[in-house]
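Asker: Next one to model:
(4 chains)
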Amino acid sequence: MSTSAFAAGSDFADGGHHDHSHGDDHGGDHHGHLKLQYQPGLPLTKGKLIMWLFLSTEIMFFAALLGSYVVLRFGALQWPKPHHVHLSEPIGAFNTFVLICSSVTVVLALEAAKVNKSSLAKTWMMITLALGSLFLGVKAYEYQAKFSHGIYPVKPMGLVYEKPDLYYASAVRARLSDPVVLEEIAALDAKSETEMNAEEIAGRKSLAEVKRLVNDPAQEAFDIAVVADQIMPLPADMGSHGGSHGLNDTFSWLQLPIVIPGGNMWASTYFLLTGFHAVHVIVGLIVFAILLTYNLGPATAGMIENAGLYWHFVDLVWIFLFPLLYLF
Amino acid sequence: MSTVTHSSPGESTTVAPASAAKPRPVSEFLSTYVFSKDHKVIGLQFLFSTLVWFLIGGLLALAVRWQVAWPWSDVPVLGKLFAQEGGQMSPEFYTMLFTMHATVMIFLVIIPILAGAFGNFLIPLMIGADDMAFPTLNMLSYWFMWPAFIAFGASFFVEGGAASSGWTSYPPLTTNPAASPGSGMGQTLWLIGLTFVGVSSMLGSVNYMTTIILMRAPGMTMFRLPMTIWAMFITALLQAFALPVLTAAGFMQLFDRSIGTGFFSPEGSMINNELTGAGGGQPLLWQHLFWFYSHPAVYIMILPAMGMVSDIMTCFARKPLFGYRPMVYSIAGIAGLGFIVWGHHMFISGMNPALGMTFMVSTMMIALPSAVKTFNWLGTLWGGRIQFTTAMLFSVSFVSMFIIGGLSGIFMAATPVDIFIHDTYFIVAHFHYVLFAGTAMGVWGAIYFWFPKMFGRTMNEFWGKVHFFLTFIFLNGTFFTMHILGAVGFPRRLADAYHYETFHHLQPMNAFMTYCAIGMVACQAIFAANFFWSMFYGPKAGRNPWNSNGLEWTAPSPPGHGNFDVQPIVYRGPYEYSVPGCEKDHLMQTDPPVEGMVVAAH
Amino acid sequence: MRNRLAGIFWSILFLAVPVLGVGVFAIAPSIDVWLPKDVSSHGKEIDSLFYFILALTGIVFIVTEMLLFWFIWKYDAAARGDEKATYIHGSHTLEVIWTIIPAVTMLFLAIYQMNAWADMKMRRPVMKPTVEVVARQFEWRLRYPGPDGDLGTPDDLFLVNDLHVPVDEDILIQLKSMDVLHSFFLPNLRMKQDAVPGMKIPVWFKATETGQYDLVCAELCGWGHYKMKGRITIESREDYDAWLEAKYREQEATQPEPMDEIL
Amino acid sequence: MSNSDAPNGSSSSADAGSSEHGPRTTPGGLPETAAPAAAVVEASHDESHGGLRVYVAVFVALCVLTTMSFFTYSPLWPWRDEPQVGWAFMMAVSCTKAMLVVLFFMHVLWEANWKYVLTIPAAMMAIFLAIMLVPDIGYRSRMVSQERLLYMARPSDEALMHQAGTAAEAKAGAEEAH
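Answerer: As a prediction, the model looks like this:
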């Protein structure tokens, strides 16, 4: 019958989204109003069309963020190398791999759902969820690595200074005269060498040197650089980031200001980009978790496809973020 | 006064009585009127919310005008707030007033009234759909406005008052709370509100596009869509593509303010001789991102009005729209060009002057589609049978005023002239002619025109005309004079400019403008009274009180749930008025064709 | 003739728009509410461009508004008896015409003004800065190079809000901001440039007449924006040198140490 | 105007590619144009594309490409001194990866022409925005003020730090030797 052809055109759309099935969702007793026919538009379901439109708004959202990052990064005279800021490329590459795997599993879940292999689809979906969580876990571990070195985008916690200058020296002085730190230093000085390991012995020596240098009225730029280097050295080359071990690492209570040229802007952009990406990942995981409560058959294939489109987009953003943040 | 018959002779179509309102249990009140998913209810919710904010924005404007005309004089009514300062307005307060006036008018009035209220109400009705593609999403797009309403509203009452850095919110004034002691929390709330407006618009726009693409009545091809729908479609497109950029920038600014990132503040800048943190960013970055949205937003604020005016004008000129396709293309052209001209807001901002030159050329080009539209409206009037209804008067005045607003834009598109008139009242005049004398007039026209469809009753024509006449007179009195002030170089946003020798003599003129502005706001009482009175006691309107052609007029007034009681099938475009050989002077989109009638399809 | 009066009334209302509009612009200069006196060499170009655009838009304004008036006067339903409206969907020729004419005009305008723009903002004169202007909340801090002609040396002269420049000479100002955005606006010199923190923006002009004029901040810079007022004094070279000398001595007397730590 | 001088009452000169062969006046004829469109909707969900083998191939390609861009990080990468080469290489790899994901995982390869309408304008606008930011923000040092330069991190700062590091190492080495 002719009307049913129209109904097919419009109602198939509701494959995934239960937003709009006539009479169902309007609450109350308005069932059975006239069921309208529609002019054929694009060969797309409503859900898929709105998802694609939503994705194009997302493209612009990330374009603004990524565009700002790129121009800020290349406009800066100095930008930290990945190993200056404790970025680990292998971990980043691993995370890329995790996301790619999760993209594949979503596609496989969709394929399984289409041919009505519901439990298989569910398995793939679970794996996707697990991979997404793994990604977030790795991300959290990476954030922790930054935070433990005092790299925050947040003002009072961030310890990063742009350059070894007078402001930096005075910040070190201020931290060193903090009562808590003074107490710890006193305790450290009271210790005999036999109670300490070699690292701590060397650390105590270099801390004394730092104290001497920052309080030296005749200090020069180089002296302040030495101070900064003692507190947290900038590894000269990639691969050696494991070896960058400074006073802040030796004595975790010390938390002296550190110098990473360009580090503040780097932290701002890094946390902005990865943060918004992580938020998108979380949203995707929530969607998947909701999907898992459904029976993943052909009826929900539309929903899985739309969720998948979103997830692939999240993957896509990471594909660009990984080289831009880790390898450039 | 010529009036229009309220019962349509063409209404004799098949129809059953309007879907009767069955008595419902009280518990359903919420789902029907508050958390409704019906596009018409959502549209009206948008309409009422925005009209309330319109009033607030208008009152803020009056307070601004008071300070400009009579600086440091005792402010009536508001003066109680400043009792400790002897009843005078403080400059901080003045700064807050114009910031919030613009914010409220742009983000809480114009954009939501066009896209939210009229877009919601009209799109499904005019394309023959029973509702939006995603009613729940649609409902959410309204309810996401509420956090914004609350954030903007609450910001007036927080310590230091609401945002006071201009609606453009240029950093570093905004990113560093120390830079403007007046706005601590207010600016943050402003940014939060903006984010919610952005989310709401985004949800709305993707929904509108999906609806328009997939849910048109049979026979309603893209080139049979009424101009309103075309305008709404392209507006939605603009919102979808431009708004995320502002949302991203808004987040960046929020982080700059709250957690101390440095996207928009450079190294080594000082506030009160104190270093402001590490920085590393660039203030111009915000300006670029902001105007990347906010220039297209200017078109978001006028395109729907253009579409609605085209529909109203054809109806009351009883004549097909002159140049339907050129009108569509010019809307698309305005939208397309709108994305590549944002730099003209930044000619003297320190932007690379070479970039300024390229933006100047693209800006000049945007005059083209605007000119095409204007000439086509004139062409529509030409040879018509014009009925002077209130809606028509507002539409004609839209064209008349848009000409002024459009032409004054050429001054600032010319970069050397912009050096002089940038940030003066010339700009203020320009955008008030476009946004107030243009869009607001179009919106009023649309309210008078579609009121019967919204509430089933017509508004009072006589008082409507009085409202129009007074508004028209006062608005020109207020805003036309601003051009002259701008020519003197009178700067915007100055709490008191008269201590400058150059501007010393302009006070009487400003006083005149303020009187006009008071009149303009006062005469809206007529509108409000007419609106509410007509809602309950106005003459009942039939399905098609204006003998118009669109699909919405085949539905009952007001339409029941699901909108249509007969499946609309479209046979022609929406502007077949005065078809030769046809007995009626209008031929509805759904009227089946009659043998021997010749209609040029467009 | 039903209700013809209404049509006449509304038509005349719309006729009032071009009549009064032109009227306002005609009267304004005579009551001295108009472009402030121009005392710069490049200002002529801006003014003539302003007048050119005013004439151009004025013509379009009058023509379109008169057409609007004429159409609603003539095609009032009450005036047309039983005649139907003309059934026409548009005209391809007309569309082409009224696309091409504005296109050509606009393109001409765009190209015509490029040179002026380049003169004012791109072709910076090759010279040392005459003065450095540092905007801050809410004052203009000025720094003159002193006898050696170089900025940033110990003999610099520091002043606030009191800008002096010699007449008939190229002036190059180095514009900076200490805190937020400001805008360096000299209405009489037709010069405006935003001061952006972190940037050093050159501003140049040549004054043609002596006198004292306003220096206005034209970019919102906080609550005190309105009072960020400076004065520019344009004077002959001799007066300028004498003034500089006097101010310099004043500074030495009150400020024995050079202020080079102030930026 | 130019297009479709179709007589009054012709149904649907349908947009979006569906053909204009609908019968003239009777509404009953309309679905004939609709049916193919509905069929397309169905078709986009059948098994005519995709398939495990394709997905696995794409997956392998993506892994290989990731390894390739990761390779720029390894000591074996020949252009260590010219980072631009590595950047260009990585961007090319990323674009390839993005294309693979979009085409295969997001099924765009098998979609109708709407895909261009939706994706190309967004991509163009995104690129245009970034390009327009370059002259002002990408060249921040163009008109930079002295004050900013004073507080800005510069390559010399990193060099100084390295110098200090080398000195410290040398000193430590000397002490050990001592």
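Asker: Near chain A, which residues of the stretch 151-263 of chain C are found?
Answerer: Within the stretch 151-263 of chain C, no position is adjacent to chain A by C-beta under 8 Å from any C-beta of the partner chain. Every residue, glycine included, has its C-beta placed from N, CA and C.
Asker: Tell me which stretches of the stretch 101-250 of chain A form strands.
Answerer: Secondary structure of the stretch 101-250 of chain A (DSSP state E, counting those that start in this stretch): strands at A:160-161.
Asker: Can you name the residues that contact the residue in the stretch 151-263 of chain C that chain A sits nearest to?
Answerer: As assessed by C-beta to the nearest C-beta, chain A sits closest to residue C:198 within the stretch 151-263 of chain C, at 11.4 Å. Taking C-beta atoms under 8 Å, 6 or more residues apart in numbering or on different chains, we find residue C:198 in contact with B:266, B:267, B:268, B:269, B:279, B:282, B:283, D:140, D:144, D:145, D:147, D:148.
Asker: Kindly reformat those as a markdown table and extend each row with secondary structure and neighbour count.
Answerer: Below are the contacts of residue C:198 laid out as a markdown table (DSSP: H, G, I helix; E, B strand; the rest coil; neighbours: other C-beta atoms under 10 Å in any protein chain shown):
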| residue | secondary structure | neighbour count |
| --- | --- | --- |
| B:266 | coil | 27 |
| B:267 | coil | 27 |
| B:268 | coil | 23 |
| B:269 | coil | 26 |
| B:279 | coil | 30 |
| B:282 | coil | 31 |
| B:283 | helix | 29 |
| D:140 | coil | 24 |
| D:144 | strand | 20 |
| D:145 | coil | 27 |
| D:147 | helix | 21 |
| D:148 | helix | 23 |
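Asker: and residue C:126, what are its phi and psi?
Answerer: Main-chain torsions, residue C:126, degrees, to the nearest 10: phi -90, psi 100.
Asker: actually residue A:246, not the one I typed
Answerer: Residue A:246 has phi and psi values of phi -120, psi -170 when expressed as degrees, to the nearest 10.
Asker: And residue C:205, by the same measure?
Answerer: Given degrees, to the nearest 10, the pair of backbone angles that residue C:205 has is phi -170, psi 170.
Asker: Next: residue B:581.
Answerer: Residue B:581 adopts backbone torsions of phi 80, psi 0, taken as degrees, to the nearest 10.
Asker: if we can go back for a sec, give me the subset of the contacts of residue C:198 touching chain C.
Answerer: With C-beta under 8 Å from any C-beta as the criterion, the members of these in contact with chain C are B:266, B:267, B:268, B:269, B:279, B:282, B:283, D:140, D:144, D:145, D:147, D:148.
Asker: Give me the below-cutoff pLDDT ranges for the chain.
Answerer: This is for chain A. Applying pLDDT under 70 to chain A flags the ranges A:1-32, A:155-156, A:236-244.
Asker: my bad, the chain I had in mind was chain C
Answerer: Filtered on pLDDT under 70, chain C yields the residue ranges C:1-2, C:255-263.
Asker: any idea which residue sits dead centre in it?
Answerer: Note on chain C: the residue nearest the mean C-alpha position is residue C:190, at 5.1 Å, using C-alpha atoms, centre = their mean.
Asker: No further queries at this time; thank you.
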